[in-house]
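Novice: Starting from these lines, generate the structure:
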Amino acid sequence: RMQDIGATPTPSPRYTRSPAPTRKHGYACISGPSSTTRFTVPSNLVHQREARPSCFISLSDFRAACLPPYRPGVILVCYAEVSKPRAVSAILSEQVMASRSLRSLLSILVVLLSQSELVRSLDNGLALTPPLGWSSWLALAERDFCDEKTLRDSTDALISTGLAAAGYNTVMISDCWGAVNRTSTGQLAAETDRFPSGSLQGVVEYIHSKGLKAGVYQDIGTATCVGGRAGLYGHYEADAKQLALEWQIDWIKIDNCHNRQRPTLLYPEIAKAFNATKRPVLINLCEWGQEDPWTWAANSGNSWRVTGDHLDEFKSTKSIILRQVNMSRYSGAPRHGWNDMDMVFTGLAEQQPPGKRYFPGQTRAEYVTEFSMWALLQSPLVWTGDVRNMTDFQRSVLLNADVLGVHQDTSSVQGDFLYALDAAGDVQVWRKLLDAKRNQALVVVNLGDKAFDSAQVKFESIGLSATTQAIVTDLWTKRNVTAMGAYPEKTGQSVDAHACFMIKVFPLPIVER
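Specialist: Residues are numbered from 1 along each chain as shown. Here you go, the predicted model:
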């Protein structure tokens, strides 16, 4: 974990800079504006560690992995002990970086070694864009239910509905599959009433046979949160091998109940165990945002929950949206890790009779707001709903290619709050830059309980000029207009309580006359 220590920090007295007798050099990576160069570190500056030649990391990747505030100039030096990789880094001021040669920079390199944490992003080649999937959580008649048949049927439905082709290509098996007790040999087992074989392997093989990916829920502690089923604690290495190698899972969501130590200590151990299998598994850390995982979890997961559970009611949706202000620095393409706002419930209430709803449910306008904001903020989009009986409304939202295009755009970081249009702060403008940061996607959302009659986005407020002409596309109505200086150009647009509109703004080139 990096702290802002200035241009010439002092290393901890616990570590010395004297070289190991048999090691004469280390390897470093220095990132410039457009390239990364490897070079040798003089032996008098190398920490007493085995040299490691594979260290390539971009400046943006490294800066994203550090705790803010951070310096723009970075040198990263990699070492390995006998079996445990470590990373050390030095931070230099921008002025020094710009004005001195590599040899000059090396002369003032200071090595900082974290005793237990890797100062780099998890690099398993996965989640290069925000992941999508379907979860069984509230989808199959009741909470916390699944069995072999319903999972096979749901897998087929993901394909027949077009969801899989749209990117929802992972079947997430929630807290519904595991046995309470482990086998006599200490392995995880599936609940035999629901999975007669006592294993998930057959279901996973079926999912894979359809060209989809399989994900499972588990827990960092001794038991899962709702089902009280056997958790991972004390078995990280063995369970990683069983899940990744024997059962061939592709995605694991790791909850945070019944833990015996701080999650900041346990999640890195789980990530290490899965990485040791050499089979890439997407790791979703469900730490609930209690210990600011956005500042440290990039070392251990491809995504990390930034809030508590999302409930199918607008009060919860609003609360989660408001907690995303100024969070864009911790997520996005350079880091290849994503702030997770939890699953979406699009249209779930319409599939459940009022007397059998686990949550109050949301209106259609609220579901559109939920989906628009999750997409703009590039949260993983995992939908829980009965995919076997999808409604036309659910299709229209979940399969909106324009909105999904914003969600999958990795030319910039996730969206963020810009400003409010009303004095109460309820009607808000959120923006994500697209392409070369000239085109933009915006959501104007009314989080208040009363309609707002005059929502207008002035182009000057989003970095354009008052005379800019732009094509504006409403991503839900599909309406295209050419506007100058503002959208709507002349009068404001009405936005109902809890509703939103989502637009793309494409500035037109300036034509000289």
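Novice: the strands in the stretch 251-400 of the chain, which residues?
Specialist: 251-255, 282-285, 303-305, 338-340, 381-384 (DSSP state E, counting those that start in this stretch).
Novice: residues making contact with stretch 236-244?
Specialist: 186-188, 216, 218, 232, 249, 252, 269-270, 272-274, 276-277, 279, 281 (C-beta atoms under 8 Å, 6 or more residues apart in numbering). (Each C-beta comes from the backbone N, C-alpha and C, glycine too.)
Novice: that's a strand at residue 461, yeah?
Specialist: No. Using DSSP: H, G, I helix; E, B strand; the rest coil, the secondary structure at residue 461 is helix, not a strand.
Novice: quick one: contacts for residue 503?
Specialist: 441, 442, 444, 457, 472, 473, 474, 475, 487.
Novice: Of these, select the buried ones using a ChimeraX command.
Specialist: Provided next is the ChimeraX selection string for whichever of the contacts of residue 503 are buried by 16 or more other C-beta atoms under 10 Å:
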select :441,442,444,457,472,473,474,475,487
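Novice: For my notes, please list the contacts of residue 503 in TSV and give distance to residue 406, secondary structure and pLDDT for each entry.
Specialist: Listed next are the contacts of residue 503 as TSV, based on distance: C-beta to C-beta, whole Å; DSSP: H, G, I helix; E, B strand; the rest coil; pLDDT from 0 to 100:
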residue	distance to residue 406	secondary structure	pLDDT
441	5	strand	98
442	10	strand	98
444	14	strand	98
457	16	strand	98
472	14	strand	98
473	11	strand	98
474	13	strand	98
475	7	coil	98
487	16	strand	97
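Novice: Which among the strands of the stretch 251-400 of the chain is found nearest to residue 146?
Specialist: strand 381-384 (11.3 Å; C-beta to C-beta).
Novice: other SSEs contacting the closest one?
Specialist: Here strand 381-384 touches strand 132-135, helix 364-376, going by 3 or more C-beta pairs under 8 Å, 6 or more residues apart in numbering; DSSP states H and E.
Novice: would you turn these into a markdown table with distance to residue 480?
Specialist: Shown next, in a markdown table, are those (distance: least, C-beta to C-beta, whole Å):
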| stretch | distance to residue 480 |
| --- | --- |
| strand 132-135 | 27 |
| helix 364-376 | 18 |
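Novice: can you list the ones you listed in TSV and add distance to residue 352, mean pLDDT and mean neighbour count?
Specialist: As requested, the helices and strands packed on strand 381-384 are exported to TSV (distance: least, C-beta to C-beta, whole Å; pLDDT from 0 to 100; neighbours: other C-beta atoms under 10 Å):
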stretch	distance to residue 352	mean pLDDT	mean neighbour count
strand 132-135	15	98	24
helix 364-376	13	98	24
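Novice: Which among the strands of the stretch 251-400 of the chain is found nearest to residue 352?
Specialist: Nearest of those (C-beta to C-beta): strand 381-384, 11.3 Å.
Novice: Now the closest one: average pLDDT?
Specialist: Per-residue pLDDT values over strand 381-384 give a mean of 98.
Novice: Over to stretch 227-246?
Specialist: Averaged over stretch 227-246, pLDDT sits at 97.
Novice: in that stretch, what counts as buried?
Specialist: Buried residues in stretch 227-246 (16+ other C-beta under 10 Å): 227, 229-233, 235-236, 238-244.
Novice: And for stretch 453-472?
Specialist: Here stretch 453-472 shows 455, 456, 457, 459, 462, 464, 468, 469, 470, 472 as buried, counting by 16+ other C-beta under 10 Å.
Novice: Using CSV, list the CA coordinates for that stretch.
Specialist: What follows is stretch 453-472, C-alpha atoms only, in CSV (Å, rounded to 0.1, in the frame of the first residue of the first chain):
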residue,chain,number,x,y,z
ASP,A,453,-39.6,20.4,-15.1
SER,A,454,-36.5,22.1,-16.4
ALA,A,455,-33.6,19.6,-16.8
GLN,A,456,-31.1,21.1,-19.3
VAL,A,457,-27.4,20.3,-19.9
LYS,A,458,-25.5,23.3,-21.0
PHE,A,459,-22.6,22.4,-23.2
GLU,A,460,-20.3,24.8,-21.3
SER,A,461,-20.9,22.7,-18.2
ILE,A,462,-19.5,19.6,-19.8
GLY,A,463,-16.3,21.1,-21.3
LEU,A,464,-17.7,22.3,-24.6
SER,A,465,-18.3,25.8,-25.8
ALA,A,466,-21.7,27.6,-25.9
THR,A,467,-21.5,27.6,-29.7
THR,A,468,-20.7,23.9,-30.1
GLN,A,469,-23.0,22.0,-32.3
ALA,A,470,-23.5,18.4,-31.4
ILE,A,471,-25.6,15.3,-32.3
VAL,A,472,-27.3,14.2,-29.1
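Novice: Neighbours of the nearest residue to residue 154 once chain neighbours are set aside, how many?
Specialist: Excluding the flanking residues, the one nearest residue 154 by C-beta to C-beta, 6 or more residues apart in numbering is residue 387, at 5.2 Å. Neighbours of residue 387 under the rule other C-beta atoms under 10 Å: 26.
Novice: ok, residue 387 to residue 359 distance?
Specialist: Plainly put, residue 387 is 19 Å away from residue 359 if you go by C-beta to C-beta, to the nearest Å.
Novice: how big is the angle separating the helix or strand containing residue 419 from helix 364-376?
Specialist: Using DSSP states H and E, residue 419 falls within strand 416-420. Orientation check (axes from the mean of the first three to the mean of the last three C-alpha atoms, to 10 degrees): strand 416-420 against helix 364-376 gives 130 degrees.
Novice: Show me what strand 416-420 is in contact with.
Specialist: Strand 416-420 is contacted by residues 324-328, 377, 426-432, 442, 461-462 when judged by C-beta under 8 Å, 6+ apart.
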